[in-house]
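Peer 1: mind looking at a prediction? Sequence and model below.
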Amino acid sequence: MKLVFSAQFFSYKYHNPGRKSFLCLTYGTGVGGAIIENEQVYHGSSFSAGEFGAVITHAEEKLSGTEPFDGCYERYASATALVKMVSEIDSSLTNGRQIFADLERPEIKAVVNKWIDEIVLGLTTLIHIFNPSCIVLGGGIMVQPYILEQINVRIPQMVMSSFSHVQISSAKLGNSAGLLGAYHLAAQKLEMSDLSDQK
C-alpha cells in the first residue's frame with residue numbers, strides 16, 4: 001500500500017507542482033490512506049499513520065461490535081461495502097464495473113448514492129481534521145466519473161465554509177501505481193544515501 005500512495009503522491013506532484021500538503025485515499029477491499037505534509041509522507045510514531053479506514057463513522061455499531069472495524073469507515077465506504085450493499089438487491093452484480101453498468105436502474109442508483117454518502121461522511125471528517133488543499137482518491141472503483149462528480153457536489157454542503165476550498169480529484173496512475181511508487185521510493189532512498197555519503 002505504501003507503494004501505491006507514494007505513486008499517487010508522485011503523480012499528483014507532477015501535475016500540480018505547487019501542492020505540498022494533501023491526503024491520499026484508496027477505496028478497495030478496505031480504505032487505506034496517506035498523509036502528505038511538506039512533500040513527505042507522514043508515518044506516525046509506529047509507521048501506521050493514515051489508517052483512515054478505521055475512522056469511526058457509525059458509533060452505535062462500534063460500541064456494540066466485536067471486531068476492530070465494526071462501525072468504521074471502510075465497512076461502509078469501501079468498494080467491498082458497495083458490492084455487499086448491491087448484492088442484497090441483485091446478487092448477479094459482483095463488482096464495481098457491473099454495478100455502474102446498471103447505474104440507471106433506480107434501485108441500484110439509490111444504493112450507489114447511499115454509498116457515496118458514506119464516502120462523503122468520512123471525507124468531511126478528514127477535511128476538518130487536516131484542512132488539506134487537496135485529496136486524491138484512488139482504487140479501481142474511482143475510475144467511475146459519477147462518484148467524483150457526486151462527491152464534489154456534496155462536500156461543499158457538508159464542510160464549514162473555511163474548508164470549502166479543498167479540491168478532490170482521482171488518482172491518474174491506475175494499475176501502474178505500484179511500479180511507479182516503487183521507483184519513487186527507491187529514488188528517495190538513493191538520494192538520502194548519497195547525501196549521507198557526502199557527510
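Peer 2: Noted; the coordinates are in hand. Residues are numbered from 1 along each chain as shown.
Peer 1: next, name the residue at the spatial heart of this structure.
Peer 2: For the chain, the residue nearest the mean C-alpha position is residue 25 (2.1 Å; Cα atoms, centre = their mean).
Peer 1: so what's it up against?
Peer 2: By Cβ atoms under 8 Å, 6 or more residues apart in numbering, residue 25 lies in contact with 31, 32, 33, 52, 123, 135, 136, 137, 138. Every residue, glycine included, has its C-beta placed from N, CA and C.
Peer 1: again, but for residue 29
Peer 2: Taking Cβ under 8 Å, 6+ apart as the contact definition, residue 29 lies against 78, 79, 80.
Peer 1: who wins on neighbours among the residues you listed?
Peer 2: Counting neighbours by other Cβ atoms under 10 Å, residue 78 leads the contacts of residue 29 with 26 neighbours.
Peer 1: so that residue makes contact with residue 30?
Peer 2: Yes. Counting by Cβ atoms under 8 Å, residue 78 touches residue 30, with 5.3 Å between them.
Peer 1: which neighbours do these two share?
Peer 2: What both residue 78 and residue 30 touch, as defined by Cβ under 8 Å, 6+ apart, is the set residue 53.
Peer 1: surely residue 22 and residue 136 touch.
Peer 2: Yes. Between residue 22 and residue 136 there is a contact at 6.5 Å, judged by Cβ under 8 Å.
Peer 1: low-confidence ranges in the chain?
Peer 2: 1-18, 173-185, 188-189, 192-199 (pLDDT under 70).
Peer 1: all the strands of it, residue numbers only.
Peer 2: Taking DSSP state E as the criterion, the chain contains strands spanning 22-27, 31-37, 40-42, 134-138, 167-170.
Peer 1: with distance to residue 160 added, can I get those strands in TSV?
Peer 2: Formatted as TSV, the strands of the chain follow (distance: least, Cβ to Cβ, whole Å):
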stretch	distance to residue 160
strand 22-27	17
strand 31-37	20
strand 40-42	23
strand 134-138	16
strand 167-170	16
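Peer 1: any idea which of the ones you listed gets closest to residue 64?
Peer 2: Closest approach to residue 64 among these (Cβ to Cβ): strand 31-37, 21.3 Å.
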